[in-house]
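>>> sequence first, predicted model second:
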Amino acid sequence: MAPISACCPTASPEINPDSAYASGENTENQAKTPPAPNYDEDLVHKTILVGDSGVGKTSLLVQFDQGKFIPGSFSATVGIGFTNKEVSVDNVKVKLQIWDTAGQERFRSVTHAYYRDAHALLLLYDITNKSSYDNIRFGLQCMHEGLQKSTVADMNSERAIRRDEGERLAREYSVPFMETSAKTGVNVELAFTAVAKELKHRAAQHPNESKFQIHEYIESQKEKSACCSYF
Ligand SMILES: Nc1nc2c(ncn2[C@@H]2O[C@H](COP(=O)(O)OP(=O)(O)OP(=O)(O)O)[C@@H](O)[C@H]2O)c(=O)[nH]1
């Protein structure tokens, strides 16, 4: 899968190194030339987090990587950076290279240049921010296929986007959907595990093997009522 956006101009990329968030709090994600990835490029699945500034891309990644949420702890991401993460799928190690992009408009041409060779995009909006949802809709219109969309699932009292609106948008474009929360951790692991499973099955598909059904997997695994119990 190589989702490409017709709306995306290319530009010289500005990137951040691996483990940009290792120190946790108050990380200023300044653009630097990154070291070469440690893994064999052929075996690494490139997943990109996409969404407006402040929707929680960095927080989602940190929750997945380090299992913690520190409110208001990250400066706006500058450019783009990646974190390598191994996920175990049916006893096989799947290497995800997860790229966290800057959501700010001024970095758009830089971050869009990376979509071309992505294996998966996770599109995020903030359920309290209507324009972040509208921008995901716009992005989906521009892209071709195979996207996984994810949204935050706490902040219910300030919700501006109903869950069924997110589900409807995902159905429109035939992409899987779930609401997640970097704050509570709800569905965070699942979002990345589903990507890892899908990519592993694509890479190892044998003619007689039944196809992995990512929609069904997510539907069977996701916590749907979680949002209501946190506020
Ligand atoms: N309540 C709640 N707040 C969240 C959640 N995820 C992120 N936040 C908060 O939202 C703000 C923005 O989060 P970031 O992770 O920096 O957002 P980002 O999308 O990486 O932003 P850019 O780097 O500018 O693109 C921070 O104050 C976070 O603490 C969540 O799931 N629930």
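Here it is on my side, so go on.

>>> what is the mean pLDDT for the longest helix anywhere in the chain?
Identified as the longest helix of the chain according to DSSP state H is helix 188-203. Averaging pLDDT along helix 188-203 gives 88.

>>> which strands and helices lie in contact with that helix?
strand 44-50, helix 57-66, strand 80-89, strand 92-101, strand 120-125, strand 148-152, strand 177-180, helix 214-221 (3 or more C-beta pairs under 8 Å, 6 or more residues apart in numbering; DSSP states H and E). In this view, the C-beta of every residue, glycine as well, is placed from N, C-alpha and C.

>>> tell me the most buried of these?
strand 148-152 (a mean of 27; mean count of other C-beta atoms under 10 Å).

>>> what residues does the chain have near the ligand?
Contact residues (C-beta under 6 Å from any ligand atom) of the chain with the ligand: 51, 53-59, 71-72, 74, 76-77, 102-104, 152, 154-155, 181-183.

>>> just the buried members of the residues you listed?
Listed as buried from these are 51, 53, 55-59, 74, 77, 102-103, 152, 154-155, 181-183; burial here means 16 or more other C-beta atoms under 10 Å.

>>> the helices and strands packed on helix 188-203 into JSON lines, with extra columns for mean pLDDT?
As requested, those are exported to JSON lines (pLDDT from 0 to 100):
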{"stretch": "strand 44-50", "mean pLDDT": "88"}
{"stretch": "helix 57-66", "mean pLDDT": "93"}
{"stretch": "strand 80-89", "mean pLDDT": "88"}
{"stretch": "strand 92-101", "mean pLDDT": "89"}
{"stretch": "strand 120-125", "mean pLDDT": "90"}
{"stretch": "strand 148-152", "mean pLDDT": "52"}
{"stretch": "strand 177-180", "mean pLDDT": "90"}
{"stretch": "helix 214-221", "mean pLDDT": "87"}
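
>>> can I get those in CSV with distance to His112?
Listed next are the helices and strands packed on helix 188-203 as CSV, based on distance: least, C-beta to C-beta, whole Å:
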stretch, distance to His112
strand 44-50, 9
helix 57-66, 15
strand 80-89, 10
strand 92-101, 9
strand 120-125, 11
strand 148-152, 17
strand 177-180, 23
helix 214-221, 24
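
>>> Phe138 is nearest to which of those?
Shortest distance between Phe138 and the helices and strands packed on helix 188-203, using C-beta to C-beta, is found for strand 120-125: 10.7 Å.

>>> same question for the following helix or strand past that closest one, mean pLDDT?
Per DSSP states H and E, strand 120-125 leads on to helix 130-142 as the next helix or strand towards the C-terminus. Taken as a whole, helix 130-142 carries a mean pLDDT of 82.

>>> in helix 130-142, what counts as buried?
132-133, 135-136, 139-140.

>>> okay, stretch 85-99 in PDB with CA atoms only?
C-alpha atoms of stretch 85-99 as PDB (Å, rounded to 0.1, in the frame of the first residue of the first chain):
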ATOM      1  CA  LYS A  85       8.900   0.000  17.800                       C
ATOM      2  CA  GLU A  86       8.700  -3.800  17.600                       C
ATOM      3  CA  VAL A  87       5.200  -5.300  17.900                       C
ATOM      4  CA  SER A  88       4.700  -9.000  18.300                       C
ATOM      5  CA  VAL A  89       2.100 -10.400  15.900                       C
ATOM      6  CA  ASP A  90       1.300 -14.200  16.200                       C
ATOM      7  CA  ASN A  91       4.800 -14.700  17.600                       C
ATOM      8  CA  VAL A  92       6.400 -12.800  14.800                       C
ATOM      9  CA  LYS A  93       8.200  -9.500  15.400                       C
ATOM     10  CA  VAL A  94       6.900  -6.700  13.200                       C
ATOM     11  CA  LYS A  95       9.000  -3.600  13.100                       C
ATOM     12  CA  LEU A  96       7.000  -0.400  12.900                       C
ATOM     13  CA  GLN A  97       8.800   2.800  12.200                       C
ATOM     14  CA  ILE A  98       6.300   5.400  13.400                       C
ATOM     15  CA  TRP A  99       6.700   8.900  12.100                       C
END
